[in-house]
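> The sequence and its predicted three-dimensional model are supplied below.
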Amino acid sequence: MNPLTNMKNVLKLSEHELQHGGKKSWHDMYRDSAWIFVAGFPYTLSEGDLICVFSQYGEVVNINLIRDSKTGKSKGFCFLCYEDQRSTVLAVDNLNGIKIIDRTLRVDHVADYKPPKENEKMDEETLRLYMEGCAPKPQIQHIKTEKTKDTKKYR
């Protein structure tokens with residue numbers, strides 16, 4: 001299917017859902033994935049630029065900007081992971097079909113995305129980011145109680 005037709009169909013689904021209501025959403029079939037597919041953006045945009053745009057709807061924890069293996073230039077699409085899956089619904093509903101530098105974005109859910117496997121050409125820091133993502137780690141606080149002097153963990 002033509003990418004523009006697909007984008008318009010996603011917009012129609014969302015509009016139909018708003019008009020007719022209902023208990024189930026078409027987004028529910030993607031509730032187990034926090035990944036989205038983004039295409040159609042200008043080749044000049046970097047990972048940082050995309051994170052700035054998509055962080056409006058949640059914390060971006062991983063991004064895989066697809067690049068040409070020989071030149072290293074962007075191919076104009078990426079896969080992006082949010083910390084919270086509910087952010088994917090907001091991004092798909094609000095950013096699908098918008099224009100950035102005269103290019104129309106296509107934003108859609110991804111059901112089963114797996115980040116790229118290890119590659120001998122990647123340096124140690126890049127491999128660590130692929131495996132762990134770039135989100136901050138949750139902080140665990142240790143608090144001593146006065147009666148028992150035990151240490152308890154709280155998040």
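Happy to help now that I have it. Numbering: from 1, shown residues only.

> Now do the strands in the chain.
Taking DSSP state E to define them, one finds strands in the chain at 35-39, 60-67, 74-82, 99-100, 103-104, 106-109, 141-144, 151-154.

> Just to check, residue 43 is in contact with residue 78?
No. Using CB atoms under 8 Å, residue 43 is not in contact with residue 78; the gap is 11.5 Å. (Glycine included, C-beta is placed from N, CA and C.)

> Comparing those two, which residue is more hemmed in?
residue 78 (20 against 11; other CB atoms under 10 Å).

> which non-adjacent residue is nearest the more buried one?
In space, and not counting its chain neighbours, residue 78 is closest to residue 65: 4.4 Å by CB to CB, 6 or more residues apart in numbering.

> Same check on residue 62?
Taking CB to CB, 6+ apart, and ignoring the residues beside it in sequence, residue 62 has residue 81 as its nearest neighbour in space, at 4.0 Å.

> how far away is the one you found from residue 31?
Distance, residue 81 to residue 31, using CB to CB, to the nearest Å: 15 Å.

> what's near enough to touch residue 81?
34-36, 60-63, 113, 133 (CB atoms under 8 Å, 6 or more residues apart in numbering).

> By neighbour count, which of these wins?
Busiest of those [other CB under 10 Å] is residue 36, holding 26 neighbours.

> contacting residues for that one?
So residue 36 contacts 54, 79-82, 88, 91-92, 107-110 (CB under 8 Å, 6+ apart).

> which one among those residues gets closest to residue 15?
Minimum distance to residue 15 across the contacts of residue 36 is 13.0 Å, recorded for residue 92 (CB to CB).

> how close does that closest one sit to residue 60?
Taking CB to CB as the measure, residue 92 falls 14 Å from residue 60.

> Then residue 49?
Per CB to CB, residue 49 is found 12 Å from residue 60.

> Likewise for residue 78?
11 Å.

> show me where the chain has helices.
Secondary structure of the chain (DSSP state H): helices at 3-20, 47-54, 86-95, 124-132.

> Near the nearest residue to residue 83 once chain neighbours are set aside, how many other residues are there?
Of all residues not flanking residue 83 in the chain, residue 59 sits nearest, at 4.0 Å (CB to CB, 6+ apart). Residue 59 has 15 neighbours, counted by other CB under 10 Å.
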